[in-house]
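S.K.: Need coordinates for the below:
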Amino acid sequence: MAVYILSNRKIIRHHGEKVDSFSNDEYSIPNFRIAKCNFDNHKEATSQAKKKKDYTNRNILDYQLFSEPEKQGYGEVLDVLLSEKGVKESPLTADNLGGTQRMFYELYKNMSATKDRSDVLIFIHGYAYDFDDELKAIIDLKKLFIDNPASPVEHILFVSWPASSSIIPLTYFDDKASSINSGTSLLRLFYFYTQFLKDIFSNRHLVPCNQRIHIMTHSLGNRVLQSMLYSLKRENILRVIDQVLLLNADVSYKVFEDSEDSFNKLPLLANRISIYLNRQDAILGISQFTKNILTPRLGKNGPSDITHYKNIVSIIDCTFVKDDLLNSFKFEVGNHWGYLSSSQVQNDIFQNLYGIDRNLITNRIKDNENIFTIIS
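M.R.: Down below sits the predicted model:
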């Protein structure tokens, strides 16, 4: 089990500390850094601890930033792996690896060590998250996807991008700009990963682990994914993702159209795409009428046209689900966080991640070829 943070947040060093940390500042930097979360001695914070002013950053969840790699590429990772297999001698060890080298090395080792499912979930959060909020979200995601035996996920890569900490609507425009910048970091990660695959598996002594990688995006996090897809050249796309789950997506309902040239690339990247929508999503309703010039949102209205992708893209209507896990005013009125608030939505997501045929996933009604409604 491992949880990593990919972030283009500013790096700071708190007074009196000897380690670097990610900042809560609401702007992005050109490059991203990778950190690994430490759950070994993690304890759930008490309500009193959460009220203290020092319940921030590493007091929420400990993590360690990886060093930057000394050399570009993944030749050193290859040397370490071949040395560990006894194929060649090398003075290098895993401790010499930095950044994506270290993360890809650890994931490959862990995912290759079992015949059971050991999937990776890339998660992109939505609007109004500061870094402290992200750390709290990571704890929740670990419980939901890693600790839960109903889920095939064993590893999480949390994409941290500097969204505004305020829910004031005007800050939404700042978040849109940050999400576009952060899409560049996601694009770099994709290119690094494809380079890793080419460098490592061109050697006959190493074989793929045959595990699966998924992408899950929530709300404005879909804008981060869209920014990546805008810049992703079709000739460079490899089908390296199994499932893409678009949750309450705060992007235009036209994103799958060729004129947008963004989400229409997803069928080249992934085996299956699932759009989870709620037609009573109040948050997306506000987004549509106050911030997006009356453009319907994908996560509320569904896509305008996916005729060419019906075999790959599914629409899952969550309008009638019950918020039986989290039912505070925020969740009941917003209808925007079904993946956290509803066991019905979670059960559907788990079955999707396992790759169950969309026509065989339980507690669904099939409306037509690729549109389904979750029922009680």
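S.K.: and the residue nearest in space to the middle of the chain, what element?
M.R.: Residue closest to the average C-alpha location in the chain (CA atoms, centre = their mean): residue 123, at 1.4 Å. Using DSSP states H and E, residue 123 falls within strand 119-124.
S.K.: List the buried residues in the next helix or strand after that strand.
M.R.: Counting by DSSP H and E, the next helix or strand C-terminal to strand 119-124 is helix 131-141. Neighbour-count burial for helix 131-141, counted by 16 or more other CB atoms under 10 Å, picks out 131, 132, 134, 135, 136, 137, 138, 139, 141. Every C-beta, even on glycine, is put in place using the N, C-alpha and C of the backbone.
S.K.: Let me know the closest of the residues you listed to residue 159.
M.R.: Nearest to residue 159 among these: residue 134, at 9.4 Å, using CB to CB.
S.K.: Now residue 55: closest residue in space, sequence neighbours ignored.
M.R.: Excluding its sequence neighbours, the residue lying closest to residue 55 (CB to CB, 6 or more residues apart in numbering) is residue 49, at 5.8 Å.
S.K.: Can you check the pLDDT for the one you found?
M.R.: You'll see residue 49 listed with a pLDDT of 81.
S.K.: Check the gap between it and residue 56 for me.
M.R.: 11 Å (CB to CB, to the nearest Å).
S.K.: Equivalent analysis for residue 207, please.
M.R.: Look at residue 207 and residue 56: by CB to CB, they are 44 Å apart.
S.K.: more neighbours, these two?
M.R.: The neighbour comparison of residue 207 against residue 56 (other CB atoms under 10 Å) goes to residue 56, with 15 against 10.
S.K.: nearest spatial neighbour of that one, skipping sequence neighbours?
M.R.: Distances taken as CB to CB, 6+ apart put residue 132 closest to residue 56, at 5.3 Å, once the chain neighbours are dropped.
S.K.: doesn't residue 60 make contact with that neighbour?
M.R.: Yes. Using CB atoms under 8 Å as the test, residue 132 is close enough to residue 60 to be in contact (6.0 Å).
S.K.: Apart from its neighbours in sequence, what residue is nearest residue 186?
M.R.: Leaving out its chain neighbours, the residue that sits closest to residue 186 by CB to CB, 6+ apart is residue 228, at 4.2 Å.
S.K.: Need the mean per-residue confidence for the helix or strand harbouring that neighbour.
M.R.: Assigned by DSSP H and E, residue 228 belongs to helix 221-231. Across helix 221-231, pLDDT averages out at 93.
S.K.: what's the answer for stretch 303-317, then?
M.R.: For stretch 303-317, mean pLDDT rounds to 95.
S.K.: same deal with stretch 324-334?
M.R.: On average, stretch 324-334 scores 80.
S.K.: Use 33 as the first number from now on
M.R.: New numbering, starting at 33: the last item is stretch 356-366.
S.K.: Using CSV, write out the CA atom coordinates for it.
M.R.: What follows is stretch 356-366 as a C-alpha-only set of coordinates in CSV (Å, rounded to 0.1, in the frame of the first residue of the first chain):
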residue,chain,number,x,y,z
ASP,A,356,-26.8,7.4,3.7
LEU,A,357,-23.2,7.9,4.7
LEU,A,358,-22.9,11.7,4.9
ASN,A,359,-26.2,13.5,5.2
SER,A,360,-25.4,17.0,6.5
PHE,A,361,-26.9,20.0,4.9
LYS,A,362,-23.9,20.4,2.5
PHE,A,363,-24.3,16.9,1.1
GLU,A,364,-28.1,16.7,1.0
VAL,A,365,-28.6,20.1,-0.6
GLY,A,366,-25.5,20.1,-2.8
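S.K.: List the buried residues for it?
M.R.: Neighbour-count burial for stretch 356-366, counted by 16+ other CB under 10 Å, picks out 357, 363, 366.
S.K.: In contact with residue 92, which residues?
M.R.: With contact taken as CB atoms under 8 Å, 6 or more residues apart in numbering, residue 92 is in contact with 77, 164, 167, 168, 171.
S.K.: which residues does the last one contact?
M.R.: By CB under 8 Å, 6+ apart, the contact set of residue 171 is 74, 92, 93.
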